[in-house]
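Peer 1: below is the structure, and that's it, no one-letter string:
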């Protein structure tokens with residue numbers, strides 16, 4: 001059965017691979033990305049988020065079966081929180097009415113293995129409280145004190161926790177819509193290539209994210225998991241942060257999640 005799917009971040013990396021896979025499987029895919037596509041939208045701004053929802057409604061006639069929120073950045077900058085957390089939340093909440101009109105609707109967001117690394121609690125707490133300007137101020141403070149690396153991990157921890165909170169509620173599970181996150185390890189994309197091409201940074205990345213199963217991933221290895229989570233076959237998995245990380249989470253956290 002052909003489904004209508006919207007994928008953000010569809011111009012490159014995991015989003016591009018997922019959009020391509022869904023199309024090969026016969027689905028209609030609306031690609032959204034700051035770089036262009038069916039919808040050009042800047043998810044760091046309220047105007048861009050509203051444009052995404054308005055254009056999606058226009059292009060679909062108000063009906064979506066699946067949303068895959070892949071758009072993300074990894075700068076030592078408050079922009080990272082605006083896109084990775086608030087942009088993703090606005091995407092999922094904004095498109096939820098279109099999902100409600102769809103057939104066996106599903107939604108998933110891309111998190112990161114970085115969510116298990118140290119975070120800035122002020123950024124995470126503000127993000128989960130819906131306080132965008134507070135989260136941005138906390139991110140700016142982290143950068144100013146030389147801890148800009150915490151901004152990305154905090155943004156991904158916040159969106160993962162948001163999924164855990166939102167998924168069992170009336171708006172999602174109560175409406176019959178599974179909502180999940182996928183947390184990849186190191187994926188070779190335009191975002192990570194500069195790091196991996198630098199021998200010193202590559203060593204740091206490999207120590208921070210050990211991946212004993214097959215090493216660094218390709219976007220095409222993450223796409224099938226995202227596609228399954230938004231498929232009708234997924235009728236029970238919700239509120240989960242699924243690590244697709246070559247074993248990194250198990251190495252870093254051991255059995256502490258049980």
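Peer 2: Structure's in. What do you need? Note that the coordinates shown come from a computational prediction; the quantities given were computed from them, not determined experimentally.
Peer 1: can you map out the helices along the stretch 151-258 of the chain?
Peer 2: Listed from the start of the chain, the stretch 151-258 of the chain has helices (DSSP state H, counting those that start in this stretch) covering 193-197, 199-208, 219-229, 248-253.
Peer 1: buried deepest among the ones you listed, which one?
Peer 2: Ranked by mean neighbour count, those are led by helix 219-229 with a mean of 20 (mean count of other CB atoms under 10 Å). The C-beta positions use only the backbone N, C-alpha and C, and glycine is treated the same way.
Peer 1: which other helices and strands contact that one?
Peer 2: Secondary structure elements in contact with helix 219-229, counted by 3 or more CB pairs under 8 Å, 6 or more residues apart in numbering; DSSP states H and E, are helix 13-24, strand 106-110, strand 179-184, strand 241-244.
Peer 1: okay, now the sheet partners of the last one, with direction.
Peer 2: Taking DSSP bridges as the criterion, strand 241-244 pairs within the sheet with strand 179-184 (parallel).
Peer 1: mind listing what's buried along stretch 172-192?
Peer 2: Of all the residues in stretch 172-192, those buried under the rule 16 or more other CB atoms under 10 Å are 172, 177-187, 189, 191-192.
Peer 1: for residue 18, which non-adjacent residue is spatially closest?
Peer 2: Spatial nearest neighbour of residue 18, chain neighbours left out: residue 223 (4.3 Å); criterion: CB to CB, 6 or more residues apart in numbering.
Peer 1: what's near enough to touch that neighbour?
Peer 2: 14, 17, 18, 20, 21 (CB atoms under 8 Å, 6 or more residues apart in numbering).
Peer 1: at 6 Å instead, please
Peer 2: Residue 223 is in contact with 17, 18, 21, counting by CB atoms under 6 Å, 6 or more residues apart in numbering.
Peer 1: sounds good, over and out.
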